[in-house]
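Novice: this one's sequence-less:
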């Protein structure tokens with residue numbers, strides 16, 4: 001592997017780690033996401049053990065051709081489908097995967113031919129193939145943040161509608177009409193599924209699958225418990241809206257307080273690569289003395305490993321698990 005290829009590979013890996021470590025919210029680490037997945041799994045399975053399937057997804061599966069159904073059954077397609085739904089996109093997972101693979105193959109072949117390097121072509125292919133997935137993850141993060149920001153107003157609107165005498169389903173329809181995307185669209189899907197004869201539990205669990213957040217989990221759990229045990233649902237939604245507002249305000253405060261540390265971590269992680277590029281321009285013969293020596297290459301790899309450990313450690317201390 002050439003020094004230039006190794007340098008670009010290190011930059012790509014560090015950039016990817018920085019994106020994963022600091023681009024997301026400052027609240028909710030791996031522990032909270034793991035607990036959230038367990039809650040969703042426990043809610044999604046009824047006492048008889050049957051899985052709930054939304055009417056929208058069931059209709060979507062019926063419209064697929066046999067060839068698309070085979071592609072849809074490949075490993076990883078369910079996760080890609082969930083990612084696409086959570087990002088608010090209308091793509092079909094099998095077509096998105098084929099498009100990504102075709103673009104990666106074309107870009108990798110062209111880069112390998114132009115640069116005359118198989119490793120460079122493979123690296124470009126991986127970058128191009130991973131770009132749609134990274135864009136979907138970015139869209140999902142932005143959409144979930146926007147949903148949680150709008151959710152308190154949606155809960156307050158639903159609670160006021162129920163106090164005015166509307167049933168729960170009509171309150172959902174009112175929220176869908178009054179609120180903007182993504183809250184209006186998601187509540188509209190829930191109302192449509194219930195209105196066309198679907199089970200309210202299955203529709204709410206479908207919302208939880210499309211919007212996997214702690215706030216939505218609390219809302220769905222509260223509604224399901226109220227439907228089983230009774231009680232004043234409007235009052236429950238009002239109190240839940242207050243809790244979500246306080247949580248969102250606390251999240252914004254923690255983002256502000258941790259901004260300096262996160263920015264410092266990004267600068268310190270990218271500074272060695274900036275200095276290496278600057279030295280290559282100012283003194284082209286300086287870095288080859290280090291990279292061509294076996295001990296120097298070991299020192300570079302050791303420093304790179306310490307950088308990875310430092311990024312993971314900074315991510316650990318800058319994220320709050322609640």
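Specialist: All right, it came through fine. Please read these numbers as outputs of a predicted model, since none were measured by experiment.
Novice: on contacts alone, who are the packing partners of whatever helix or strand residue 79 lives in?
Specialist: Using DSSP states H and E, residue 79 maps to helix 77-86. Under the contact criterion of 3 or more CB pairs under 8 Å, 6 or more residues apart in numbering; DSSP states H and E, helix 77-86 touches helix 93-115, helix 118-163, helix 200-210. In this view, the C-beta of every residue, glycine as well, is placed from N, C-alpha and C.
Novice: thought residue 84 was touching residue 93?
Specialist: Yes - at 6.0 Å, residue 84 counts as touching residue 93 under the criterion of CB atoms under 8 Å.
Novice: Please identify which of the two sits among more neighbours.
Specialist: residue 93 (21 against 18; other CB atoms under 10 Å).
Novice: thinking again about what came up before, could you single out the most deeply buried of the helices and strands packed on helix 77-86?
Specialist: Ranked by mean neighbour count, these are led by helix 200-210 with a mean of 21 (mean count of other CB atoms under 10 Å).
Novice: In the helix or strand that that helix is followed by, which residues are buried?
Specialist: Going down the chain from helix 200-210, the next helix or strand is helix 214-229, by DSSP H and E. Neighbour-count burial for helix 214-229, counted by 16 or more other CB atoms under 10 Å, picks out 214, 215, 216, 217, 218, 219, 220, 221, 222, 223, 226.
Novice: quick one: the first one and residue 86, what's the gap?
Specialist: Noted for residue 214: a distance of 15 Å to residue 86, by CB to CB, to the nearest Å.
Novice: And the third one, by the same measure?
Specialist: When distance is defined by CB to CB, residue 216 is 11 Å away from residue 86.
Novice: Check the fifth one too.
Specialist: The span separating residue 218 from residue 86 equals 18 Å under the rule CB to CB.
Novice: any chance you could map the strands in the stretch 201-322 of the chain?
Specialist: Taking DSSP state E, counting those that start in this stretch, the stretch 201-322 of the chain contains no strands at all.
Novice: Which phi and psi values does the most far-flung residue of the chain relative to its centre adopt?
Specialist: The outermost residue of the chain relative to its centre, with distances by CA atoms, centre = their mean, is residue 285 at 43.9 Å. Reported as degrees, to the nearest 10, the phi and psi values for residue 285 are phi -90, psi 0.
Novice: So for the longest helix seen in the chain, mean pLDDT?
Specialist: Criterion DSSP state H: the longest helix present in the chain is helix 233-282. Mean per-residue pLDDT for helix 233-282: 82.
Novice: residues touching the residue nearest to residue 107 when sequence neighbours are not counted, list them.
Specialist: Excluding its sequence neighbours, the residue lying closest to residue 107 (CB to CB, 6 or more residues apart in numbering) is residue 128, at 4.1 Å. Residues near residue 128 by CB atoms under 8 Å, 6 or more residues apart in numbering: 100, 103, 104, 107, 108.
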